[in-house]
Every structure is written in C-alpha cells, then in structure tokens.
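Participant: below are the sequence and a predicted model; questions follow.
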Amino acid sequence: MNVPNPLDFNTNNLLHSLREKDLELLGPYLKEKHFEAGTVLYEPGDNVRTVYFPKGPTLVSFVIELADGRAVETVLVGREGAVGGIVSQGHLPAYARCVVQFSGPAFMIDSTELEVAKHQSMTLRHLFSRYADCLVAQMFQSIACNAVHTIEQRTAKWLLAAIDRTGSQEVPLTQEQLASMLGVGRSYISRVIGGMRTDSLIETRRGKIRAGELERLRCLSCDCNELVQRHFDRVLEGVYPHETELAV
C-alpha cells in the first residue's frame, strides 16, 4: 500500500469535494491499494474495519446471496462515493457481501481513524451523512427498478451506470457476470445482449462490452440512473460524475 499524493484525491469525487481542513484530518491516515476484480472486501457478518474510496475505474458492488445460491447486486459504487462504515461508529457487522467488480485502485482508511476525524469536524460528519442518504436513495430506486422495469431496460441502465462511474464506454464484464448481478438466467441475458448488438447499441468482445451511441442506449434504459443522479446533485452538489468527465 502507498501513501497517496494529495493531488490524487480528485480521482474520488467524495474526497475531492472535501474542504482542505477536512482533507488534512484524513490525509495522514489514507492509504492506497490496487484491487483485482473479484476481491471480496466484506462478507456478511464481518466486522467493517476499513472504509474504501474507489478511484478512477474501480467499481464495487454490494451483493445479496439468496437461499437458492443466486447473488444479486443491490448497489453499485464507484469514484462518486465510498463503502464501509461511513456513518456508523466503526466495526459493525456487514449485512451484504462487498466485492470489487472492476479492478483498480482505492483509498483506504481504518474506520476508527475515520471516526476520530469525524468527531473533529462537523462538516465531515455532515458530508458523509448526506452521502449515506444518497446510498439509501439508490437502494430505494433499485428495488423499484427490479420490480417494474424490463430486463432490457435494466441491462441498459447497468451499463450506463458503469460508464458514468468509470468514464469509459468499454465495460470489462462477461455476460455471465451481468446475468448474476441482474438476477436473471444466462440464456435470458444472452438474448438481450444479442438484440442490443444487432441494433448496434453495443459491441461484445471476450470479457468486454463496449457501448456504441450513448444517447440510443439511454433511450432504451429506464430513468432510474437519472433520478438517482438528480438526488446526488441536490444532496451532494458536484460529487456525482457527469457526462463531461467521460473518456470515449
């Protein structure tokens, strides 16, 4: 693990939004580490001892395992946020599995050290409380989306969410992984991906899906991403990544 350069904090929107005095409180305790896809950060019941701030292309999912063995994604977190003990007082048990979906670096801080910094700064406490509210909003929207929207809409929504967070139109994801996260069968998602490929919305390569025209993909998608982003923008203005930050 490396001690990050303060200039690197702009690769995580939540840290980048902090005031200089708050960064001075956190900076000495933040470390940086690279994580491979598939790395499990927490299992259900684990004590949450570390807070992670994904940076750049790194994506992390909260996943719920069902009794029949299926694992369904509930929340996707990238450079706009953080995972683990943001508003709790540290070391509380995790409810869901937390797993790295797209490999990349992340900042890390011990949850106890974060608590010390929060006690020293009201603005730090308020910012993380607001971010926790945004995570809850994302979960609410995910429940509604899974209940009423089609697999085609949800597939387009997930791809756009990954693109918005990583800044890349090429998503390092297999169809099997996508099917698992959406909670549908492999054959079903294959038909959906095949239809999107036929319509020139995406291209597929081994282990990768590349989006074509984003506006056409947005037309296929439901509006759940936009609703969540709107809430982010109201509650944490400037934290959520925008299209202008995308690298085609």
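Facilitator: Received it, and whenever you're ready, just let me know what you need. What you are looking at is a predicted structure, and each value in this text was computed from that prediction instead of being measured. Numbers count the residues shown, from 1 in each chain.

Participant: contacts only, for the nearest residue to His149 once chain neighbours are set aside.
Facilitator: In space, and not counting its chain neighbours, His149 is closest to Cys222: 4.5 Å by CB to CB, 6 or more residues apart in numbering. For glycine as for every other residue, the C-beta is placed from the backbone atoms N, C-alpha and C. Neighbour list for Cys222: Cys145, His149, Gln153, Arg154, Ala156, Lys157 [criterion: CB atoms under 8 Å, 6 or more residues apart in numbering].

Participant: out of the residues you listed, which are inside helices?
Facilitator: Cys145, Gln153, Arg154, Ala156, Lys157 (DSSP state H).

Participant: could I get the contacts of Cys222 as JSON lines with pLDDT, distance to Asn13 and neighbour count?
Facilitator: Compiled in JSON lines, these are given as follows (pLDDT from 0 to 100; distance: CB to CB, whole Å; neighbours: other CB atoms under 10 Å):
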{"residue": "Cys145", "pLDDT": "93", "distance to Asn13": "23", "neighbour count": "19"}
{"residue": "His149", "pLDDT": "95", "distance to Asn13": "27", "neighbour count": "17"}
{"residue": "Gln153", "pLDDT": "94", "distance to Asn13": "26", "neighbour count": "17"}
{"residue": "Arg154", "pLDDT": "94", "distance to Asn13": "25", "neighbour count": "22"}
{"residue": "Ala156", "pLDDT": "94", "distance to Asn13": "23", "neighbour count": "25"}
{"residue": "Lys157", "pLDDT": "94", "distance to Asn13": "20", "neighbour count": "25"}
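
Participant: need the max-distance pair from those.
Facilitator: Greatest spatial distance among the contacts of Cys222 (CB to CB): Cys145 and Ala156, at 11.4 Å.

Participant: returning to that earlier point: tell me the one of the contacts of Cys222 nearest Asp68?
Facilitator: Closest to Asp68 out of the contacts of Cys222 is Arg154 (19.8 Å), distances taken as CB to CB.

Participant: quick one on the thing from earlier: helix, strand or coil: sort out the residue nearest to His149 for me.
Facilitator: coil (DSSP: H, G, I helix; E, B strand; the rest coil).
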